[in-house]
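J.: Kindly generate the corresponding structure for this input.
(2 chains)
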Amino acid sequence: MAKIVDRKPLSLLEKTNIPQILKGLYITLVNFFRPKVTLQYPDQRPVIPNNYRGVPTLVKDPNEREKCVSCQLCEFVCPPKAIRITPGTISEEADTAHVEKAPQEFEINMLRCIYCGLCQEVCPEEAIFLQDIYSINGLSREELVFNKSKLYELGGVLPDKHYKWDKKRDDALHGNENH
Amino acid sequence: MDPITLILKVVYALVMISVVMTCAGYCVLAERKVAAWIQGRVGPNRASLPFITAIPIIGPFLQKLGIWQLPADGLKFLFKEDPVPGHVNKVYYFLAPVLALVPALMTMVAVPFGQYWDEAGVGHPLILANIDIGILFILAVSSLGVYSIVLAGWAANSKYPFFGSIRASAQMVSYELTMGLALLPVLMWANTADGIGGLTLSNVVASQDGLWLAFIQPLSAFLFLIALFAETNRLPFDMAESETDLVGGFHTEYGSFKFGLFFTAEYAHIVMGSALFVLLFLGGWNFLPFLAAPWPHTLVGSVLSVLWFFFKVCFMIFFFIWVRWTLPRFRYDQVMHMGWNTLLPWALVNLVFNTFLIGFLDKA
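T.: Predicted coordinates for the structure are as follows:
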């Protein structure tokens, strides 16, 4: 059932279009004096909200131990296959020898990364995090494949006090009711 | 004519050209800025000069205003590669942009822009050439601008420029009639029995000593304003360009400096059109309706009268830009319909009415 819209014929003044033109001029004039909301981008940066998904980086714990144990879950889950991990072992002499494994090399191709955050979600060690960095650039494709040292440089230290592997070592040495 | 007068004339002409060209150039900037502000944007504010921008407060302020955008754009037009398409008619292709700019700049010769007083205290207009056909000269020369559009469209030898030039020439021919008819009552009013007589614009300005003609003959002013928009090819009448349906209209095939010439000519037309409207209907350099100018009849007074005139012209230029960013473009048939079926009859009615009115007033 069509709705009948009552269309009034235009009045003589409306047929000249002049009132509408004046109204239009008024509207543009109001907009002319309205304060502008443009963010002057390179000079002013936007406020990045929490949980923003920027560049994925590797983090260390407060004891400067690299948290990644090269389980390669992120590599498997990564939809665009941007992550490539070369697993390595931790030497027997090291303080954290009981962790056994750490990545020998960890590369993220930022040209492939789609910033989906699945790597962060899947990581059992909370070692990879998407940071608030949103603007990366380089002069070559190779430059934009971030290696391990670059990723740690960007990621820095995550100040959470889990010390999961220290507790494991303590429990192994001294024992507790569950061990 | 002795050589000193000749040299002085050349110097005056050069000064005038540089002022009008600078105005036309900064019109482009004004257009971009006003467009941006109306649309809630910021507009050009990045171009800067090395030393001047380093001055505190003033430097950044000028940069924010985008003052340096004009040299940047102009130099870009100068130094860009200037390709000539293979399919164009070379002679007309090179002739058209020159023909666009020349009439636009030539009209300024007969445009008075201020007043000076001699020792006896008699006011004279500041004008390059005080020819007594004044307004006729301006109308005749400014109409030559349509040739550049026709030639550009023809020389480009492709369909969109051709459409653009056909539309533009038809429109300009149509609206010239209305423009002329809207002008007649103004000149009749200016040439009253005790008036100076003649077709000079300074005469029209002198007749607006009391009330401005825009208030005495609002219909003439309105019709003239619409015709002026059509003659300068400004939106809502920019049939020549109509970039949405004709790519770029008549200058589609032009690039770099030749396009720059067309661009400058368009804005020179706007400056001249605004000056003309101010002179004819907004009292020229007269201060305010029924209010004598507060400046003395000295050199300072003439400088102030020029500045006051310039201020009015700036307002008119702003009005041109303001309308452009408010109204959408008319359809081609609407333009023709409005020109011939609405404006022309009203211009005739206006002419007849004012003729009787002026005759009646002269009798009384």
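
J.: buried set for the longest strand belonging to chain A?
T.: The residue-count maximum for a strand in chain A (DSSP state E) belongs to strand A:101-109. Residues of strand A:101-109 classed as buried by neighbour count (16 or more other C-beta atoms under 10 Å in any protein chain shown): A:102-103, A:106-109. In short, each C-beta sits where N, CA and C put it, glycine included.

J.: can I get the CA coordinates of it in PDB?
T.: Output in PDB follows, covering the C-alpha atoms of strand A:101-109 (Å, rounded to 0.1, in the frame of the first residue of the first chain):
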ATOM      1  CA  LYS A 101      63.800 -23.300  24.100                       C
ATOM      2  CA  ALA A 102      64.000 -19.700  22.700                       C
ATOM      3  CA  PRO A 103      63.700 -18.500  19.200                       C
ATOM      4  CA  GLN A 104      67.000 -18.300  17.300                       C
ATOM      5  CA  GLU A 105      65.500 -15.900  14.900                       C
ATOM      6  CA  PHE A 106      62.000 -14.400  14.800                       C
ATOM      7  CA  GLU A 107      60.900 -12.500  11.800                       C
ATOM      8  CA  ILE A 108      57.600 -10.600  11.200                       C
ATOM      9  CA  ASN A 109      57.000  -9.300   7.700                       C
END
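
J.: Next, count neighbours for residue 7.
T.: Unless you meant another one, I'm taking chain A. Close neighbours of A:Arg7, defined as other C-beta atoms under 10 Å in any protein chain shown, add up to 6.

J.: I was after chain B.
T.: 10.

J.: next one: B:Lys159
T.: Residues near B:Lys159, counting by other C-beta under 10 Å: 12.

J.: Please give me every residue in contact with it.
T.: By C-beta atoms under 8 Å, 6 or more residues apart in numbering or on different chains, no residues touch B:Lys159.

J.: Who are the packing partners of the longest helix along chain A?
T.: Assignment by DSSP state H gives helix A:18-33 as the longest helix of chain A. Helices and strands touching helix A:18-33, by 3 or more C-beta pairs under 8 Å, 6 or more residues apart in numbering or on different chains; DSSP states H and E, are helix B:3-38, helix B:299-324.

J.: Ok, which of those comes nearest chain A?
T.: Ranking the helices and strands packed on helix A:18-33 by proximity to chain A (C-beta to the nearest C-beta) places helix B:3-38 first, at 4.8 Å.

J.: Could you see whether chain A lies near the closest one?
T.: Yes - Helix B:3-38 is in contact with chain A by C-beta under 8 Å from any C-beta of the partner chain, via B:34, B:37-38.

J.: Which member of those residues is positioned nearest A:Pro124?
T.: Distance to A:Pro124 across the residues of helix B:3-38 next to chain A (C-beta to C-beta) is lowest for B:Trp37, with 54.7 Å.

J.: any idea how far that closest one lies from B:Phe315?
T.: To B:Phe315, B:Trp37 is 16 Å away according to C-beta to C-beta, to the nearest Å.

J.: more neighbours, those two?
T.: Between B:Trp37 and B:Phe315, B:Trp37 has the larger neighbour count (other C-beta under 10 Å), namely 18 against 14.

J.: Can you tell me which of the helices and strands packed on helix A:18-33 is most buried?
T.: helix B:299-324 (a mean of 18; mean count of other C-beta atoms under 10 Å in any protein chain shown).

J.: then the very next helix or strand once past it to CSV, C-alphas only?
T.: Next in sequence after helix B:299-324, counting helices and strands by DSSP states H and E, comes helix B:332-337. Output in CSV follows, covering the C-alpha atoms of helix B:332-337 (Å, rounded to 0.1, in the frame of the first residue of the first chain):
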residue,chain,number,x,y,z
TYR,B,332,22.4,23.4,-19.5
ASP,B,333,18.7,23.6,-20.6
GLN,B,334,17.8,25.3,-17.3
VAL,B,335,20.5,27.9,-17.9
MET,B,336,19.2,28.6,-21.4
HIS,B,337,15.6,28.6,-20.2
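
J.: quick one: contacts for residue 125?
T.: With no chain named, the answer covers chain A. Residues counted as contacts of A:Glu125 (C-beta under 8 Å, 6+ apart) are A:67-69, A:71, A:164.

J.: think we crossed wires, I meant chain B
T.: Contacts of B:Pro125 (C-beta under 8 Å, 6+ apart): B:112, B:114-115, B:200-202, B:205.

J.: Could you pull out the helices in the stretch 101-250 of chain B for me?
T.: For the stretch 101-250 of chain B, the helices defined by DSSP state H, counting those that start in this stretch occupy B:134-143, B:145-156, B:159-190, B:201-207, B:213-216, B:218-231, B:243-246.

J.: Pull out the buried residues from the last one.
T.: Residues of helix B:243-246 classed as buried by neighbour count (16+ other C-beta under 10 Å): B:Leu246.

J.: Lowest average confidence across the helices of the stretch 101-250 of chain B, which one?
T.: Among the helices of the stretch 101-250 of chain B, helix B:243-246 carries the lowest mean pLDDT, a mean of 72.

J.: and A:Gln120, which of the helices of the stretch 101-250 of chain B is closest to it?
T.: helix B:243-246 (46.6 Å).

J.: Now tell me what touches the closest one from outside.
T.: B:160-161, B:163-164, B:249, B:252, B:329.

J.: for chain B, what are the nearby residues on chain A?
T.: Checking chain A against chain B by C-beta under 8 Å from any C-beta, the hits are A:21, A:24-25, A:27-29, A:31-34, A:36-38, A:40.

J.: mind running it again at 10 Å?
T.: Chain A comes close to chain B at residues A:16-18, A:20-40, A:42, as judged by C-beta under 10 Å from any C-beta of the partner chain.

J.: Separate out the buried members of the residues you listed.
T.: A:24-25, A:28, A:32.

J.: what's the pLDDT at the residue in the stretch 51-200 of chain B that chain A sits nearest to?
T.: Among the residues of the stretch 51-200 of chain B, B:Lys64 lies closest to chain A, at 9.6 Å counting by C-beta to the nearest C-beta. Confidence at B:Lys64, expressed as pLDDT, is 81.

J.: Now do the SS call for it.
T.: Classification of B:Lys64 using DSSP: H, G, I helix; E, B strand; the rest coil returns helix.

J.: OK, contacts around it?
T.: A:40, B:42-46, B:48 (C-beta atoms under 10 Å, 6 or more residues apart in numbering or on different chains).

J.: What's the PyMOL line that selects buried ones from the residues you listed?
T.: Burial among those is assessed by 16+ other C-beta under 10 Å; the matching PyMOL selection reads:
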select buried, chain B and resi 42+43+44+45+48
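
J.: Tell me the one among the contacts of B:Lys64 nearest to B:Leu291.
T.: Among these, and counting by C-beta to C-beta, the member closest to B:Leu291 is B:Gly43, at 35.5 Å.

J.: Am I right that the closest one sits in a strand?
T.: No - applying three-state DSSP, one finds B:Gly43 to be coil, outside a strand.

J.: these two touch, right, it and B:Gln69?
T.: Yes - here B:Gly43 reaches B:Gln69: they are 8.7 Å apart, a contact under C-beta atoms under 10 Å.
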